[in-house]
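>>> no sequence for this one, just the structure:
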């Protein structure tokens, strides 16, 4: 990973939105456009930019304009130089994607900034009390050395007990505690994926997955979700066969970002195909407790060959870094041995907090659903009213919906929306090659009134955007 | 990493101690010997063992004996089977190396088990109070999403302030918070090391380093420490030149496991050589606060090209998973971007605890040194009295000393010592290819009376071991 890749002037120009359409000086719009490509992962960090002269020629702009844009990128922390390697794109440390976009915006009369960039929630009421309980339980552990690569025994037991209560008999030896679902996925890929191995994902998928697959030397094979919001099982099956995929990473229990829920017969079909091709299915259950319709837990996800990963980040809080892997005892052994050479062990106090949260997760998740469902309804209603030309499938769970726009301008919309005080992440962030410009993920993690306000502002901005594209399709509310 | 490697019967036989020398039934001694090789990393986990027939022939034992040994390994969790792949070695989940050895021992009249396998300490007094303070400070964070790949801002500030107070001006943007020193090393290697890149380490080195280098595709190039306990700077320099090493991972501030401290002129010489060869020097400061003689902080370690890693595990507690990387702002950017695709972020509560511990680290470390110094003295005195034929360089800091035995039988000693209730880790664990059989790491993390007792038991066992080897060398106490 130490070598820098390079992007040519023409190639960069093709990926940029038309900077003349964006408000403000052209140099600033150009810097915003490049920032958006970096933040979306469409121009990977560590990529060398073309020379100012080359990019100016490709865009038909003056060289001074490009120089000013590069200076702005440098000042914002998006461009850096390394001796002998020229200037390459990077991201400012300690900034979330939302702030990365927000720093390019000036929020004027629009009022407060509404952040629709993250599908995350504050901690639930009572969290501080659980922390105090855990702190009280820490005493005996302080006499030991604090190391346990598989996780604290009582937390492994609590996670296993929850699986068992869901009807899937699980022993603590089948559970490895991780620092969240992404850490779980990274560990699984690091153990099982070799250079060039195919990893099938849904398209769109969890925005962290593609980077993690690439960081492990895997080759991404995205399979598009259906236009009506479900899975294209035939295509998934064919792709597994054609690519001899090593791993299929799927989010069937309220898919991120679409919120879709895979029926049990489709799960069985996918698993049958995976068994034939020797593909290991990794099921991400991050959103499994956030289903609004009391959806039954499909048993097929617990085929003995499936690796399940989960986390407390979505139902409880992301600042608590606790997730898990459920696998065979044998694979759990191997993962724990690998983990011991990577980061050794997880934090004891954090595991004590998580143990106590696991035991009351049913109550916390029930409360979450009560909060989230009316927010989802408010968002869907506002979209139907303000942007009827967008196509929305109403999710039955999760934290977000996936809107299909009537023009492929998700990045331009996100840049303009920031000016109006709404922080968005363009749909392309959830793809692997910038192909999802026609889509936008909208989380319903804010109170209903704020979601209503946000959609109004988005609709205003959308109306101002000059566009080209096919005729709008009708809104479907399933 | 998904394919299993295989070890032949003859190759395994060559690495085993003579099982007829060990007490108990031969099958049990054979199982213990194989366990020791696995625990030491000399037979990597995921290695297929030879067939029972093949190993029996190589060892001149009956096949029934080998079958019984394999059954014992399987029962103990050290041998597993995978369809189509035969039987391969593994380690039981959730067991520390010490327990892995201890489970093969029967502690009889010897009394309590004395664990000298880990250079780790219980948490210091007052720890629970710091946790309570941190829990009180958590409130405002619970309203946010809790994510920050570079670490909590106030912790980055506290770590930077401590560097600055040590005379090395450091900005918070130069600090990335990790889940301990091993996690820090893994992140650095993952960013900077490509397949086959050479990584120079000391020999012996921190027992976690070789696995982490291998897990990142690096090739280990170990450079032996000098017989008198210091660095062989010329050899280090020549190795950097000859191998064009990408990374040199060094522990100059109380080396693990020898406790040696590198003088400033030697640091300057190593850094000058590294600059010439384009090698990035990674300095592990895990033990920097555990120096007994008020050793000055050598400035050369803070050359702008050096990456420093540190941790609270040794001065405070290993169950708190907090470490850090100090690097250029630019490199810190790149590490944070990588981290965001691996495990996203660290736990907020843990960072709040660590912030408060950083602020009182001088007091905690001073207390630790007051505890450790008499323990070191007791261990050295006991060795001089009971095992004068062993060669010991008295460490000026750290948590352990590195004894040179008068015969290369560290593994046999460890196996027999377990029978006498002393848990040891053979010296070979700190090498890369089992070459350190003549050495033994002895931590002084236990109270003086227990260290005294442990050395007596070790001396008894050592006297019983039949041996071959060169004449003893005199004890040097520097």
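Nice, thanks for sending it over. On a predicted model such as this, the values are computed, not experimentally measured, just so you know.
>>> excluding its backbone neighbours, what's nearest residue A:62?
Excluding its sequence neighbours, the residue lying closest to residue A:62 (Cβ to Cβ, 6 or more residues apart in numbering or on different chains) is residue A:56, at 6.3 Å. Quick note: C-beta positions are derived from backbone N, CA and C, even for glycine.
>>> just give me the longest helix of chain A.
With secondary structure taken from DSSP state H, chain A has its longest helix at helix A:361-386.
>>> against which helices or strands is it packed?
Under the contact criterion of 3 or more Cβ pairs under 8 Å, 6 or more residues apart in numbering or on different chains; DSSP states H and E, helix A:361-386 touches strand A:391-392, strand A:400-404, helix A:448-464.
>>> what angle do that helix and strand A:400-404 make?
If you take axes from the mean of the first three to the mean of the last three Cα atoms, to 10 degrees, helix A:361-386 sits at 30 degrees to strand A:400-404.
>>> list the buried residues in helix A:361-386.
Residues A:361, A:364-365, A:368-369, A:372, A:375-376, A:378-380, A:382-383, A:386 are the ones in helix A:361-386 that count as buried (16 or more other Cβ atoms under 10 Å in any protein chain shown).
>>> what's the pLDDT at residue A:340?
Note on residue A:340: pLDDT of 88.
>>> these two touch, right, it and residue A:149?
Yes: here residue A:340 reaches residue A:149: they are 4.2 Å apart, a contact under Cβ atoms under 8 Å.
>>> ok, and the closest non-adjacent residue to residue A:316?
Among residues not flanking residue A:316 along the chain, residue A:357 sits closest, at 5.5 Å (Cβ to Cβ, 6+ apart).
>>> would you mind measuring from the one you found to residue A:129?
Residue A:357 sits 11 Å away from residue A:129, going by Cβ to Cβ, to the nearest Å.
>>> same deal with residue A:419?
Using Cβ to Cβ, one gets 42 Å for the distance from residue A:419 to residue A:129.
>>> more crowded one of those two?
residue A:419 (19 against 11; other Cβ atoms under 10 Å in any protein chain shown).
>>> ok, the nearest residue to residue A:173 once chain neighbours are set aside to residue B:116 distance?
Among residues not flanking residue A:173 along the chain, residue A:329 sits closest, at 4.7 Å (Cβ to Cβ, 6+ apart). Going from residue A:329 to residue B:116 by Cβ to Cβ gives 31 Å.
>>> of those two, give the one with the bigger neighbour count.
A direct count of neighbours by other Cβ under 10 Å for residue A:329 and residue B:116 places residue B:116 higher, at 26 against 14.
>>> model confidence score at the more buried one, please.
We have a pLDDT of 94 for residue B:116.
>>> what sits against the closest residue to residue A:449 other than its chain neighbours?
Ranked by Cβ to Cβ, 6+ apart and with sequence neighbours excluded, the top spatial neighbour of residue A:449 is residue A:378, at 7.9 Å. Neighbour list for residue A:378: A:444, A:448-449, A:451-452 [criterion: Cβ atoms under 8 Å, 6 or more residues apart in numbering or on different chains].
>>> contact residues of the stretch 201-350 of chain A facing chain B?
Neighbours of chain B within the stretch 201-350 of chain A, by Cβ under 8 Å from any Cβ of the partner chain: A:208, A:211-212, A:214-215, A:246, A:317-322, A:329-330, A:332-334, A:336-338, A:340-350.
>>> leaving out sequence neighbours, find the closest residue to the residue in chain A sticking out farthest from the centre.
Largest separation from the mean C-alpha position in chain A: residue A:143, at 39.1 Å (Cα atoms, centre = their mean). Once flanking residues are discounted, residue A:143 sits nearest to residue B:122: 4.8 Å by Cβ to Cβ, 6+ apart.
>>> which SS class is that neighbour?
coil (DSSP: H, G, I helix; E, B strand; the rest coil).
>>> close enough to count as contact, it and residue A:140?
No: applying Cβ under 8 Å, one finds residue B:122 not in contact with residue A:140, separated by 10.7 Å.
>>> between these two, which one's more packed in?
residue B:122 (16 against 7).
>>> for the more buried one, give me its contacts.
Residues counted as contacts of residue B:122 (Cβ under 8 Å, 6+ apart) are A:142-145, B:317.
>>> circling back: what is the neighbour count of the residue nearest to residue A:316?
Residues near residue A:357, counting by other Cβ under 10 Å, number 25.
>>> just checking, what packs against the helix or strand encompassing it?
Using DSSP states H and E, residue A:357 sits within helix A:348-359. The helices and strands touching helix A:348-359, judged by 3+ Cβ pairs under 8 Å, 6+ apart, are helix A:127-137, helix A:153-165, helix B:348-359.
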